[in-house]
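Peer 1: coordinates for the following, if possible.
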Amino acid sequence: MNNIYPPHKKMQQIRMSRFLFGLTNLLIDHQRSQRPTVEVDDDLPAETADIAPIDQLADCLPSALASLSPEDRDVITQCDLGGLTLAAYAAQNGLTLPAVKSRVQRARSRLRAALLSRCGVRFDAESGQVCCFVPPSGAPCCTPSGAENNAA
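Peer 2: Numbers count the residues shown, from 1 in each chain. Here you go, the predicted model:
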C-alpha cells in the first residue's frame, strides 16, 4: 500500500505526521503547565530518614556486651556476631553441641537483660520486636505504635 502514493505525497504524509506529533507534544506540555500546584509552608519540618530502633542500638550494644561474663561475651561475639556455627564453636572449644546450644541461649538471655537494664530497650507487645529504647545519652524513648512491653 505504501507504493500507491507518489514520492512527493509520502513526504507530505511524513511532514504532516511530524507536525501532528509536535503539536500533540505542545498541547501536552501546555496541559502539564496548567496543573494546579499546592503551596508548601516554609515552616514545615524537613523529612528525616527513619532509622529502625534495632539499628539505633549500635551505640548501646558494646556496653551491654562488656557487662557479660567473658564466656557469654565470647560465644555471642563468635557465633551471633561473627557468624561461626555452633558446631564449629563446639569443636574449637572442646565442647559438645548441646553444651554450646545451652551456652548460647543463656548468653542471649543475659544480653537481653543487659539491653533492658542498660539501654531501656522496649519490645512491641504484638510482634516482640524492638520498638524503641532510651539511648545511653538519656534521650527520651520513642513510642511509634504505643504498644510496648517493658517485661523481659
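
Peer 1: what's the burial count for S67?
Peer 2: 16 (other Cβ atoms under 10 Å). Quick note: C-beta positions are derived from backbone N, CA and C, even for glycine.

Peer 1: what's near enough to touch it?
Peer 2: S67 sits next to 114, 118 when contact means Cβ atoms under 8 Å, 6 or more residues apart in numbering.

Peer 1: ok, L95 - contacts?
Peer 2: Shown in contact with L95 (Cβ under 8 Å, 6+ apart): 89, 103.

Peer 1: distance of it from E71?
Peer 2: From L95 across to E71, the span is 11 Å (Cβ to Cβ, to the nearest Å).

Peer 1: again with S127
Peer 2: 31 Å.

Peer 1: any stretches of the protein with poor pLDDT?
Peer 2: The chain contains residues with pLDDT under 70 at 1-8, 46-50, 52-54, 133-152.

Peer 1: show me where it has strands.
Peer 2: Taking DSSP state E as the criterion, the chain contains strands spanning 122-124, 130-132, 148-149.

Peer 1: and those strands: which comes nearest L84?
Peer 2: Taking Cβ to Cβ, strand 130-132 is the member of the strands of the chain nearest to L84, at 24.0 Å.

Peer 1: what do L95 and E71 both touch?
Peer 2: Common contact partners of L95 and E71 (Cβ under 8 Å, 6+ apart): R103.
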